[in-house]
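*Asks:* with the sequence up front, the predicted model follows.
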Amino acid sequence: MSVGGDSPKRMVFVSLEPWDEVWRRNQFVCRELNTRGWEILFVEPAADWSAGFRRRDWSQFERRPVWSPEGLDHIKVLRPLKLLPKSIAATQAVNVRLLRKAIASFCAAHDWREPVLWINDQQAWPLAQSGVWDRVIYDVTDDWSTGFTDPALRRRIENDDRALCALADQVIVCSQRLVELKRGLSKHVTLVPNGVDIEAYRAIDDAMIPDAASIWTHPVLGYTGTLHPERMDMDLLVGLARNWKGTIALIGPDQLGSAGAALSRLPNVIRTGAVPHASLPGWMRAMDVLIVPHRVTAFTESLNPLKLWEYLATGRPIVSTSVAGFRDYAQHVRIADDMPSFIKECITAVSNPECRHTAWDDPSGEHSWSARVNQIEQLLLQEQNVLTCQV
């Protein structure tokens, strides 16, 4: 069977991250497919009994077994169970069998036959060995082999990635660097960068700024996204905060841990934690300059940052280190390679009226999520024997 024509459009989407209020590439892709009539089983990372027991944290078991996000009735979200640690091959094999059983039970109950399998969690690669899928899509958004220092973990990630590249009918990547890395592992590699809903940012006015942001001291330097010590240049960020008279607002999940101790001692640094994606444009409206104090590493080189497109859509001035994505839009982004130049560019951005708004626009809509999913749906609907490499 091939998806398309009069056949139901159905997909099992095995996600590396949960469906929560912090939207990432997965939610935007699924939402767009939902509007096109795709029925999607979105499989979250498993509820981990062993981790819950160790941490005495049972919050991950609070959701219903299967539920639909508000307004997205064609999407069902499933959180399977994981009983054993995944660090050992034998116990991880048990976890995958439980995952396979949970998916099979849903498909049988809903009479799903030969759906598309979409995976962006490479550890789930054994699912692709089954012949029950119309086709297998592997979506790669990061070079995870460079994101960890533990040699054993890196080897496992590399092995899982290699296996899934070999099994997948199509490998989709979000950056040119990932094209180069995966081209030797798969014959079918397609570049689909991240996108943006521009109108969601252009329609925001001052009345939509959250109350907590309305009292910030201006000028405000703002960052959105996960705060992670492997990604953030902490020395740059701390130095910037010590030399900035206004507020520095960091919006997003906070994974800094002890690395964020110095920031905690700085009264002008605000860390909000995660905020609902629908409110993000309002938070960004309260910012005078959007910043990207990222380290330049092999991991960040593999990214096509979602925040690139969201930052550009706001019209706010942007100051960034020379990381992938942002340096490619140097006509709209002020690039700074060290702390003094970063501070100088931020001062220029708030003091020079000509810098207050960028000129970026997307009149053809080529960077919209609709356009990105047009690319994806072409791969999902075309016949298997004409899948080709598109880079």
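*Replies:* Good, I have the coordinates. Numbering: from 1, shown residues only.

*Asks:* all helices for the stretch 201-350 of the chain, in order.
*Replies:* All helices of the stretch 201-350 of the chain, identified by DSSP state H, counting those that start in this stretch, fall at 211-214, 234-242, 261-264, 280-285, 298-301, 306-314, 339-351.

*Asks:* and the longest one, what's its mean pLDDT?
*Replies:* Averaged across helix 339-351, the pLDDT comes to 95.

*Asks:* list the contacts of the helix or strand just after it.
*Replies:* With elements assigned by DSSP states H and E, the helix or strand that comes after helix 339-351 is helix 369-381. Applying C-beta atoms under 8 Å, 6 or more residues apart in numbering, the contact partners of helix 369-381 are 3-4, 9, 11, 28-29, 31-33, 36, 116, 135, 137, 170, 172, 190, 192-197, 365, 387. The C-beta positions use only the backbone N, C-alpha and C, and glycine is treated the same way.

*Asks:* buried residues, helix 369-381. List them.
*Replies:* Trp369, Arg372, Val373, Ile376, Glu377, Leu379, Leu380 (16 or more other C-beta atoms under 10 Å).

*Asks:* check the offset of that helix from the chain's centre.
*Replies:* Relative to its chain's centre, helix 369-381 lies at 17 Å (C-alpha atoms, centre = their mean, to the nearest Å).

*Asks:* that helix to helix 306-314, inter-axis angle?
*Replies:* 140 degrees (axes from the mean of the first three to the mean of the last three C-alpha atoms, to 10 degrees).

*Asks:* worst average pLDDT in the helices of the stretch 201-350 of the chain?
*Replies:* The lowest average pLDDT among the helices of the stretch 201-350 of the chain, as it happens, falls on helix 298-301, at a mean of 87.

*Asks:* got the CA coordinates for that one in PDB?
*Replies:* Provided in PDB are the C-alpha atoms of helix 298-301 (Å, rounded to 0.1, in the frame of the first residue of the first chain):
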ATOM      1  CA  ALA A 298      30.400  20.800  16.500                       C
ATOM      2  CA  PHE A 299      26.900  20.400  18.100                       C
ATOM      3  CA  THR A 300      25.700  24.000  17.400                       C
ATOM      4  CA  GLU A 301      27.200  23.700  13.900                       C
END
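
*Asks:* which residues are in contact with it?
*Replies:* Outside helix 298-301, the residues touching it (C-beta under 8 Å, 6+ apart) are Asp142, Asp143, Thr146, Gly147, Arg177, Glu230, Arg231, His294, Val323, Ala324.

*Asks:* pLDDT score assigned to the last one?
*Replies:* Think Ala324. For Ala324, the predicted pLDDT is 92.

*Asks:* now the first one
*Replies:* We note a pLDDT of 88 for Asp142 in this prediction.

*Asks:* that one reaches Leu306, doesn't it?
*Replies:* No: contact criterion C-beta atoms under 8 Å: Asp142 and Leu306 do not qualify, at 11.5 Å.

*Asks:* those two - which one has more neighbours?
*Replies:* Leu306 (21 against 18; other C-beta atoms under 10 Å).

*Asks:* so that one makes contact with Arg25?
*Replies:* Yes: counting by C-beta under 8 Å, Leu306 touches Arg25, with 6.4 Å between them.

*Asks:* spit out the residues that contact these two alike.
*Replies:* What both Leu306 and Arg25 touch, as defined by C-beta under 8 Å, 6+ apart, is the set Asn194.

*Asks:* next one: phi and psi at Phe170?
*Replies:* Let me fix one detail, which is that residue 170 is Gln and not Phe. phi -150, psi 130 (degrees, to the nearest 10).

*Asks:* my error: substitute Trp118 in the last question.
*Replies:* Taking degrees, to the nearest 10 as the convention, Trp118 sits at phi -110, psi 130.

*Asks:* and what of the one 5 residues further on?
*Replies:* Geometry field for Gln123 lists phi and psi as phi -70, psi -20, criterion degrees, to the nearest 10.

*Asks:* now it: how far from Leu153?
*Replies:* 11 Å (C-beta to C-beta, to the nearest Å).

*Asks:* quick one, what contacts Glu17?
*Replies:* So Glu17 contacts Arg24, Asn26, Glu44, Pro45 (C-beta under 8 Å, 6+ apart).

*Asks:* swap in Gln255?
*Replies:* Applying C-beta under 8 Å, 6+ apart, the residues near Gln255 are Thr226, Leu227, His228, Pro229.

*Asks:* could you redo the last one with a cut-off of 10 Å?
*Replies:* Thr226, Leu227, His228, Pro229, Glu230, Arg231, Met232 (C-beta atoms under 10 Å, 6 or more residues apart in numbering).

*Asks:* adding pLDDT, write those out as CSV.
*Replies:* Listed next are the contacts of Gln255 as CSV, based on pLDDT from 0 to 100:
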residue, pLDDT
Thr226, 94
Leu227, 95
His228, 91
Pro229, 89
Glu230, 85
Arg231, 90
Met232, 94
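
*Asks:* most neighbours of all these, which one?
*Replies:* Met232 leads the contacts of Gln255 on contacts (other C-beta under 10 Å) with 24 neighbours.

*Asks:* right, and that residue touches Gly260 too?
*Replies:* Yes: at 8.9 Å, Met232 and Gly260 qualify as touching, with contact defined as C-beta atoms under 10 Å.
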